[in-house]
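**Q** What would the 3D arrangement of this be:
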Amino acid sequence: MAWNAMKRYLITNVGSYRLRLHVDSAFFIGDVVLENFVGGAYDDLDVGGRTVVDVGAGVGDTAILFSLRGAGRVIALEPYPRLYGEASLNIRANGLADRVVLVNAGLGATDGEVCADFSNLEEYAPFKPSSRCDGKVRMYTLRTLIKEFEVEEGSALKMDCEGCEYEAVLNADPGDLAVFSQIVIEYHDGYREIKRRLEAPGFSTEVKPIRSAAIPIERQGYVVARRR
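**A** Below you'll find the model as predicted:
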């Protein structure tokens, strides 16, 4: 791992990739490397030439990963402004700004703006509307997101939004879910409801454990879904 003092980036080789991360993103390096790049959390997504909707972009690592693996376009949503700022720096530092559409927004059951609390970002935290209004954040439903960004049939969906998956998926129209040929969702409070919801419009599903930590699969893991 090298240190670029002028631009304040950590530069490291991860497998076959040379990755640049802004120094303020280093707190999340464990997730970036152990889970996503080395651990293969999203190896089940065939992103080559596809549009990938990346919900919960964090510091931009998965948007970078999908782009490096040949995604035609990545639409990356991150509601927290600080993480969004880090993602923007990292995407540009890796030369991928022309392939990633980064949006400071979240996904949920309704469209509009919500007040949010930005005070606790020492770890990934659930994004929820709050009575404390540090700022307002745009929220999309899956339907509006698909329409606004012209997400085409056969795209891929990745979701790791620390709990928003239940609200977003359980309230999504089956036809909107069916736009995607592949979906990987990291769940944070059990998988059964999400699994049933995805199977209803014709997905086959598989449940997989978190790779970088010993967490019971009943509590947290991945639902991997493919169109039959």
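**Q** How far off centre is the biggest helix by length in the chain?
**A** When the chain is parsed with DSSP state H, its longest helix is helix 81-93. Distance of helix 81-93 from its chain centroid, counting by C-alpha atoms, centre = their mean, to the nearest Å, is 14 Å.
**Q** same check, this time on stretch 178-191
**A** Per C-alpha atoms, centre = their mean, the centroid offset for stretch 178-191 relative to its chain is 11 Å.
**Q** CA-only coordinates of it in PDB, if you can.
**A** C-alpha atoms of stretch 178-191 as PDB (Å, rounded to 0.1, in the frame of the first residue of the first chain):
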ATOM      1  CA  ALA A 178     -38.700  -7.500 -13.000                       C
ATOM      2  CA  VAL A 179     -36.700  -4.900 -14.800                       C
ATOM      3  CA  PHE A 180     -33.700  -6.500 -13.200                       C
ATOM      4  CA  SER A 181     -32.300  -9.800 -14.300                       C
ATOM      5  CA  GLN A 182     -30.100 -10.100 -11.300                       C
ATOM      6  CA  ILE A 183     -30.400  -8.700  -7.800                       C
ATOM      7  CA  VAL A 184     -28.100  -9.000  -4.700                       C
ATOM      8  CA  ILE A 185     -29.400  -7.600  -1.500                       C
ATOM      9  CA  GLU A 186     -27.500  -7.400   1.800                       C
ATOM     10  CA  TYR A 187     -30.100  -7.800   4.500                       C
ATOM     11  CA  HIS A 188     -29.700  -6.700   8.100                       C
ATOM     12  CA  ASP A 189     -32.600  -8.100  10.000                       C
ATOM     13  CA  GLY A 190     -33.500 -11.500   8.400                       C
ATOM     14  CA  TYR A 191     -34.100 -12.600   4.800                       C
END
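**Q** residue ranges for the helices of the protein, please.
**A** Taking DSSP H as the test, the helices found in the chain are 29-30, 61-68, 81-93, 142-148, 164-170, 174-177, 192-199.
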